[in-house]
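Participant: sequence and predicted structure are below.
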There are 2 protein chains.
Amino acid sequence: MTHKRATITSIAKHLKLDVSTVSRVLNGLAKKYRISEKTVELVTNTAKELNYTPNKIAKSLRLKKTFTIGLIVPDISNPWFAEIALRIEKESRKKGYNVFLCNSSDDLAIEIDSINLLSEWKVDGVIMVPIGLEYNHLLNFYNSKIPLVLIDRFFKNVEIPYVSTNDYSGAFDAIEHLIENGHENIACIQGVIGTSSNTQRVEGYEDALKKHHINVNKEYIFGDNFNFENGYLQTKKIIKNLNKTNITAIFSTSNQITLGALKAMKEENINIPDDISIISFDEHNYSDLLYIPISTVTHFDDNLGKKAIELLFNQINNKTIEQDNILLPTHLTKRKSVKNRLQEVTK
Amino acid sequence: MTHKRATITSIAKHLKLDVSTVSRVLNGLAKKYRISEKTVELVTNTAKELNYTPNKIAKSLRLKKTFTIGLIVPDISNPWFAEIALRIEKESRKKGYNVFLCNSSDDLAIEIDSINLLSEWKVDGVIMVPIGLEYNHLLNFYNSKIPLVLIDRFFKNVEIPYVSTNDYSGAFDAIEHLIENGHENIACIQGVIGTSSNTQRVEGYEDALKKHHINVNKEYIFGDNFNFENGYLQTKKIIKNLNKTNITAIFSTSNQITLGALKAMKEENINIPDDISIISFDEHNYSDLLYIPISTVTHFDDNLGKKAIELLFNQINNKTIEQDNILLPTHLTKRKSVKNRLQEVTK
DNA sequence: GTGAAAGCGCTAACAG
DNA sequence: CTGTTAGCGCTTTCAC
């Protein structure tokens, strides 16, 4: 076992050839430079023998191109983001790119840190789910001519391309569905305040109420996180004050919130949908298999990843960008977690 | 906006200083080299002004150390692997390392490709969930002195450090629990054949049966994948032949299989646990919230990630490795998906 | 057909 | 306290 790793230079020396020749052969440029069959064979063989591995670091430095992209997500363990990551990785690989993974943990400091890190690694582009509270660092980054695409969350009126879901209309439809079923006192358990997904969803919630001349009560908007914990805690709170508020339905802005809510309701013996109805953002393969099949706002994650990669590579390859902001549609999947209160009246 | 990105050299030229001085200041070595306050300030300020970003590519090349690690998983969208990825990323970040993410898609060719890629990127180490069918490429890699740790799946009698779950005893306990509740005709829906997790789980299943003098019927072992689809399809098959086989319980080797199985049973109006009991590997925050709360074999993913990082950095820093193979314990969480058939007899 | 040489941006040993 | 210099491994222009 040779201890020093083989390089283009060591191969060249070994064969008493020049590095450039070896480089050419190993890069498949033998034809172009009309390098003799013999040399080609010699080089390829010794490369194999010496277990030669090209050094991408050196190559990147020389070419000023790394063939890597950065991916920043708030929480890779969230299935929704993991799904996005999967698409990004697969598509990147197809194009010969590798991906740096960063987890911002919904922490702005870490997000900023990650952006800097990726700058330092000279990635050819970045796809990210921003935390969404602050965008100056992102704008700086984008303005320094590094291709950037936001995914899932974005900033209104800020010149950074994004691909996201039409959270607003998804929420709007969900609330309208609730209203059509006779609900008026509708709670909303929201996610991280200030993120576009949350803002859009809450706006959709409010506007649907307004459209139907239902008073928007700010005290019906609960919580501040997309996670399980928040869903659990806020639902407990809702249940506690049920006789004061007369809430009959919950609009949950995320799948994890919904799971937390289900846990709370189970513990408190609240019957869904008879006592409280619930409708949730995010569809999963178990949405149908929970103790009460959940009506959901479905959005399409596979397209998100693909579109994002498309936008990014358009930038990387300087193609003309026709539309650099994409909002994918949502779809309402009705199941059994919403009670029709109008029928009751008829009874 | 300066178009050329600032480098250490451009700053040096700009200030009529030497690159080494600038380098020292920017690396916080000013004290050590007793560089004058004035120069330090000058350098830091212009660096900020010119929006200087250190070039990690160049640094890596020079240092022959990249401060990156590679992570290879079969499917990042699988919550179990995503959780691992989360831990790895967080721990790496703490230590100042970045992570390259590769998704092998349970495809050996891609796994080999990924390993090569990571070699070319000169990562300082690799943590991976191997597909598990083939290990020669991994052994080669490990023998070329690049730190490597396997996680979740491993190879018996192969000299590569790993940290995994005690799949065998987890499965054994689950089956014994079934037997103690009067089940004898127990189906097993297995995952990817040949992977250590699958082999261990199936062995645990078989050995528990043997211990209780129950005949191991190979026809009771179904399927070949850890995913939802497989769970669904195999369960359909099981249901179809129920009157021939008299199967009363299913041992599911993964969470996704279980979800698929639940869907199939729901469609076929099979009552759990009265018609069929089920016990499943993998605990999730919704295990309790499914239409029937599922008894599970719980394992502890947070420790997995941490331990793996620990083993890896021991290698990277050449520390003595006390024990380079770790098998974490499992725990049986009993819920309502297993029927006690013995009580029935007493009735 | 092959080689020589410059240089990507950075660090560190050596020199003063 | 600061500068000089070599070199990490690679590509590519120019030369013959």
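Facilitator: Yep, that arrived. Please read all numbers here as calculations on a predicted model, not as lab measurements. Numbers count the residues shown, from 1 in each chain, chains lettered A, B, ... in the order given.
Participant: for the residue nearest to residue A:156 when sequence neighbours are not counted, give me its contacts.
Facilitator: Nearest residue to residue A:156, sequence neighbours excluded (CB to CB, 6 or more residues apart in numbering or on different chains): residue A:196, at 7.2 Å. For glycine as for every other residue, the C-beta is placed from the backbone atoms N, C-alpha and C. By CB atoms under 8 Å, 6 or more residues apart in numbering or on different chains, the contact list for residue A:196 reads A:132, A:153, A:154, A:155, A:156, A:164, A:167.
Participant: who in chain A is up against DNA strand C?
Facilitator: Counting by CB under 7 Å from any atom of the strand, chain A comes close to DNA strand C at A:16-21, A:24, A:33-36, A:38-39, A:58, A:61-62, A:64.
Participant: where along the stretch 1-150 of chain A do the helices fall?
Facilitator: Assigned by DSSP state H, counting those that start in this stretch, the helices in the stretch 1-150 of chain A fall at A:8-15, A:19-26, A:37-49, A:56-63, A:79-94, A:108-120, A:136-143.
Participant: adding mean pLDDT and mean neighbour count, write the ones you listed out as a markdown table.
Facilitator: Output for the helices of the stretch 1-150 of chain A, formatted as a markdown table (pLDDT from 0 to 100; neighbours: other CB atoms under 10 Å in any protein chain shown):
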| stretch | mean pLDDT | mean neighbour count |
| --- | --- | --- |
| helix A:8-15 | 88 | 17 |
| helix A:19-26 | 89 | 19 |
| helix A:37-49 | 88 | 15 |
| helix A:56-63 | 94 | 17 |
| helix A:79-94 | 93 | 21 |
| helix A:108-120 | 95 | 19 |
| helix A:136-143 | 93 | 16 |
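Participant: rebuild the ones you listed as CSV, extending it with distance to chain B.
Facilitator: As requested, the helices of the stretch 1-150 of chain A are exported to CSV (distance: least, CB to the nearest CB, whole Å):
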stretch, distance to chain B
helix A:8-15, 13
helix A:19-26, 12
helix A:37-49, 13
helix A:56-63, 4
helix A:79-94, 4
helix A:108-120, 4
helix A:136-143, 8
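Participant: is it true that residue A:186 touches residue A:247?
Facilitator: Yes. Residue A:186 lies in contact with residue A:247 (CB atoms under 8 Å); the separation is 7.1 Å.
Participant: any residues in contact with both of these two?
Facilitator: Common neighbours of residue A:186 and residue A:247 (CB under 8 Å, 6+ apart) are residue A:220.
Participant: contact residues of chain A facing DNA strand D?
Facilitator: Counting by CB under 7 Å from any atom of the strand, chain A sits next to DNA strand D at A:5, A:7-9, A:19-20, A:23-24, A:26-27, A:54-55, A:58-59, A:61-63.
Participant: touching stretch A:105-115 from outside, list them.
Facilitator: The contact list for stretch A:105-115, computed with CB under 8 Å, 6+ apart, reads A:70, A:72, A:74-75, A:102-104, A:126, A:130-131, A:133-134, A:137-138, A:141, A:192, B:90, B:93.
Participant: which residues touch the helix or strand where residue A:237 lies?
Facilitator: Using DSSP states H and E, residue A:237 sits in helix A:228-240. Helix A:228-240 is contacted from outside by A:187, A:189, A:191, A:222-224, A:245, A:247, A:250, A:252, A:254, A:256-261, A:263-265, A:268, A:270, A:276, B:285, using CB under 8 Å, 6+ apart.
Participant: cool, stretch A:91-102 as well?
Facilitator: Stretch A:91-102 has contacts (CB under 8 Å, 6+ apart) with A:67-73, A:76, A:85, A:88-89, A:110, A:114, A:117-118, A:121, A:123-124, A:305-306, A:309, A:313, B:71, B:85, B:89, B:93, B:98-103, B:110, B:117, B:121.
Participant: how far does that stretch sit from the chain's center?
Facilitator: Centre-to-centre, stretch A:91-102 and its host chain are 15 Å apart (CA atoms, centre = their mean, to the nearest Å).
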